[in-house]
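*Asks:* Sharing a model that was predicted from the sequence below.
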Amino acid sequence: MVSFKLKSRHWIVDEFDRIIIGEGRKEILENIEKTGSINQTAKRMRMSYKGVWSKIKATEKYLDKPIVHADRKSGTSLTEEGKELLKKYGVLKERCLKEDNDIFDRVFGQEGRVIGGKPK
């Protein structure tokens, strides 16, 4: 029997389906927290500085709140709103994945989760 599993991705979008936050923006925010730099974030993610900055600005526009504070002296950091958005998205994703897996199990049963002969 072929084993298989469910993979899900989650985005929060506005009424026009423009992304507010998803995996990519989550990764941007996490990298800003780690590096304190948009430039380093862009390098780590193999994106242009402008690309990273435009995604941040788009999310800020949709939320009508700053999520990143950039300062030439102190570097770049998430605002409280940015930290809260990242935290809430993480909680949402965790809960969605749990529900997705519960639904998967109800539809396909445990045999769908057998990988390499052992239950996952």
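*Replies:* Arrived safely, thanks for sending. Residues are numbered from 1 along each chain as shown.

*Asks:* pLDDT of the biggest helix by length in the chain, averaged?
*Replies:* For the chain, the helix reaching the highest residue count under DSSP state H is reported as helix 80-108. Regarding helix 80-108, the rounded mean pLDDT is 93.

*Asks:* ditto for stretch 52-60
*Replies:* Mean predicted confidence for stretch 52-60 is 97.

*Asks:* any residues touching that stretch, and which ones?
*Replies:* 18-21, 24-25, 28, 38, 41-42, 45, 66-68, 85 (C-beta atoms under 8 Å, 6 or more residues apart in numbering). Quick note: C-beta positions are derived from backbone N, CA and C, even for glycine.

*Asks:* one step back: now do the longest helix of the chain: which elements does it pack against?
*Replies:* Judged by 3 or more C-beta pairs under 8 Å, 6 or more residues apart in numbering; DSSP states H and E, the packing partners of helix 80-108 are helix 23-35, helix 49-63.

*Asks:* Could you pull out the buried residues of that helix?
*Replies:* In terms of neighbour count (16 or more other C-beta atoms under 10 Å), helix 80-108 has its buried residues at 81-82, 85-86, 89, 93, 104.

*Asks:* got those as a markdown table, with distance to Lys34 columns?
*Replies:* Formatted as a markdown table, these follow (distance: C-beta to C-beta, whole Å):
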| residue | distance to Lys34 |
| --- | --- |
| Glu81 | 19 |
| Gly82 | 14 |
| Leu85 | 16 |
| Leu86 | 12 |
| Tyr89 | 17 |
| Lys93 | 19 |
| Phe104 | 32 |
